[in-house]
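> any chance you could fold what I've pasted below:
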Amino acid sequence: MNTIRATTTALALTVAAPLALSACGGSSSSSSTTVPTGGTAAVTVIGKDNFFEPKQYAAKAGSVTITMDNKGNALHDLLIKDPGGTKLDGFKLQVAPGKSASGQATLTAGTYQIYCDIPGHDNMKGQIIVS
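Residues are numbered from 1 along each chain as shown. As a prediction, this is how the structure comes out:
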């Protein structure tokens, strides 16, 4: 009985070891959180009840797709103020609980403020830093 168990264990190790080692292989690709180098970028903002997560995002100047996923239990919206503090005309995402919405904005280099303007949601603020 011990001989069968030892043989089975040795066989399992013989098959599993190369698989485990190949999973650790020397692939040159790597995951990255850097912003795309083209003129477009995508930003996904997670809205929870009365805060955005995370609070800061990065984008490349140009046409930016902004998506808000509402993970909270209340209706939330997302608006943008340009680096001068002026609200971007025509951009407002209003998202029901458990839903998401996307919009497009053309952003130049600078720091943009994102916020929810629903009364009582004053803590829902963040930034998009555009380079």
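
> please, which helix or strand holds residue 122?
Assigned by DSSP states H and E, residue 122 belongs to neither a helix nor a strand.

> residue 65 bridge partners, please.
Taking DSSP bridges as the rule, residue 65 bridges to residue 42, residue 104.

> that one against residue 59, yeah?
No - using CB atoms under 8 Å, residue 65 makes no contact with residue 59, being 9.4 Å away. Glycine gets a C-beta too; all of them are placed from N, C-alpha and C.

> more crowded one of the two?
residue 59 (23 against 14; other CB atoms under 10 Å).

> need the contact list for the more buried one.
Counting by CB atoms under 8 Å, 6 or more residues apart in numbering, residue 59 touches 35, 41, 43, 107, 128, 129, 130, 131.

> please name the nearest non-neighbouring residue to it.
residue 41 (4.1 Å; CB to CB, 6 or more residues apart in numbering).

> contacts only, for the one you found.
Counted by CB under 8 Å, 6+ apart, residue 41 has contacts 35, 59, 60, 62, 64, 65.

> neighbours of residue 114, just the number please.
Residue neighbour count, defined by other CB under 10 Å, stands at 24 for residue 114.

> then the one 5 residues further on?
Using other CB under 10 Å, residue 119 is surrounded by 6 other residues.

> quick check: pLDDT value at it.
Confidence at residue 119, expressed as pLDDT, is 95.

> what does residue 41 give?
At residue 41 the predicted local confidence, pLDDT, stands at 87.

> how close does it sit to residue 111?
Distance of residue 41 to residue 111, computed by CB to CB, to the nearest Å: 15 Å.

> just the helices in the protein please.
Listed in chain order, the helices of the chain (DSSP state H) span 2-23.

> low-confidence regions, it specifically.
Applying pLDDT under 70 to the chain flags residues 1-40.

> fine, thanks again, bye for now.
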